[in-house]
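[1] Structure for this input, please:
(one chain, ligands or ions: 1)
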Amino acid sequence: MSGAARYLPPAGRAPLAVALDAPDGATALRWAAAVAPSAAVLKIGLELFYRAGPGIVADLREAGLLDDLDLFLDLKLHDIPATVAGGMRSVATLLPRFVTVHASGGAAMIRAAIEAAPDVEVAVVTVLTSLDAAALAAVGLAGPPDDAVRRLAVLAVEAGARTLVCSPREVRMVRSELGGNVTLITPGVRPVGAEAADQARIATPGEALEAGADLVVVGRPITRAPDLGMAARAVADSISAGRGPDPG
Ligand SMILES: O=C(O)c1cc(=O)[nH]c(=O)n1[C@@H]1O[C@H](COP(=O)(O)O)[C@@H](O)[C@H]1O
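    This next block holds a predicted model:
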C-alpha cells in the first residue's frame, strides 16, 4: 500500500494544491510565497522541475515555504517498472508527499513505484483531465471517459495505490466504486468564469469538494491572476464552501 491515510489538509487550511507551473525558479518562489497562506500543498510539475532541477525543492524549503505545506512532485512517471522504481528512489530523496505516475504504465509499474518509495504517496493519474471522449477514442479508448477512469482506478488500487488523480466529474463514481479509503486528487478545476484553456473535464472548486475530492489542484486561474494571493484565497474560500464549515 502507498501512504497510510486519506489526505487531510493541515487544520484550518483548504485542501488546495497550487500548481507552480512557472518558467523559472525565481518566479516559482515568488508565486509560492504569494499563495502559501491559502494553500495546503505546493505542486511542482514538468516545466519547473526540468528548468530549475531538484534544487528548487531546497530553495522552497530554505524560504520556509514547505514548513507547513506538503510537496507534490507531479513528474508523471511512465516507463518500464525498473526505470520508474529508480526514478522514484531518486525523487524520494526530496521528501515529497506525492509523486505522480501514469496508470497506463500498468500494474507492475505502479507496484514498482510504490515498493521503491514506501514513504511517498504514489498518486496514479487515471485519465488526463485534458482528454474528452473524442480524444480518448483517438488513442484507442473508445467510450465515455468515466469507463476508462473506472478501469484504471481499479487497476491502480489492485496494484496497491491509495491515491488517484481524476477529474472532478468522476469523483463520485470512483468513490462509490472504491470506497472511502482512497485519496482523490482533482485537477481540471476552474472557478466560475475562468477560462478552461486545455482542460476538457472541468468543475468548480466547490463542486469538486462536494463530489468528494480530497485535494483540489489549481494552476493558471491563480498563477495568471494579477494578484496571486487574492486569487488563491478566493479559490480556498470556494473550496471551503463546497466542504461546509471547517470542523477544526
Ligand atoms: O497530475 C496532475 O496534477 C494533472 C493531471 C491531470 O489529469 N490534469 C492536470 O491538469 N494535471 C496537472 O494539474 C495542473 C492543472 O493546472 P491548470 O490547468 O493551470 O489549473 C497542471 O499542473 C497539470 O499538469
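[2] where do the strands sit along this protein?
    Using DSSP state E, the strands assigned to the chain run over residues 16-19, 41-44, 70-77, 98-102, 121-125, 163-165, 183-186, 215-218.
[3] Any residues of this protein in contact with the ligand? List them.
    19, 21, 45, 74, 100, 125, 128-129, 165, 187-188, 199, 217-220 (CB under 6 Å from any ligand atom). For the C-beta atoms, the positions are set from N, CA and C on the backbone; glycine is no exception.
[4] Could you pick out the longest helix of the protein?
    helix 228-243 (DSSP state H).
[5] Report the rounded mean pLDDT for that helix.
    Averaged over helix 228-243, pLDDT sits at 92.
[6] So which residues make contact with it?
    For helix 228-243, contacts defined as CB atoms under 8 Å, 6 or more residues apart in numbering pick out 13-16, 18, 31, 34-35, 37-39, 191, 204-210, 216, 218, 221-222, 225, 246.
[7] Which ones among those residues lie within helices?
    Those of the contacts of helix 228-243 lying in helices (DSSP H): 31, 34, 35, 205, 206, 207, 208, 209, 210, 221, 222.
[8] Show me which of these is closest to residue 7.
    Lowest distance from residue 7 to the ones in helices among the contacts of helix 228-243 (CB to CB) belongs to residue 209, with 12.5 Å.
[9] hang on, the earlier thing: dump the strands of the chain into CSV; add mean neighbour count as well.
    Shown next, in CSV, are the strands of the chain (neighbours: other CB atoms under 10 Å):
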stretch, mean neighbour count
strand 16-19, 27
strand 41-44, 24
strand 70-77, 22
strand 98-102, 24
strand 121-125, 27
strand 163-165, 27
strand 183-186, 27
strand 215-218, 28
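[10] Sketch out the low-pLDDT regions of the protein for me.
    Along the chain, the model assigns pLDDT under 70 to residues 1-4, 244-248.
[11] Can you name the residue of it nearest the ligand?
    residue 219 (2.7 Å; CB to the nearest ligand atom).
[12] Could you give the number of residues near that residue?
    20 (other CB atoms under 10 Å).
[13] Residue 207 now?
    Count around residue 207 with other CB under 10 Å applied: 20.
[14] Tell me how far it lies from residue 181.
    23 Å (CB to CB, to the nearest Å).
[15] check contacts around the nearest residue to residue 199 once chain neighbours are set aside.
    Of all residues not flanking residue 199 in the chain, residue 188 sits nearest, at 4.8 Å (CB to CB, 6 or more residues apart in numbering). By CB under 8 Å, 6+ apart, residue 188 lies in contact with 129, 130, 167, 168, 169, 199, 200, 201, 202, 203.
[16] beta partners of the last one?
    For residue 203, the beta-bridge partners are residue 189 (DSSP bridges).
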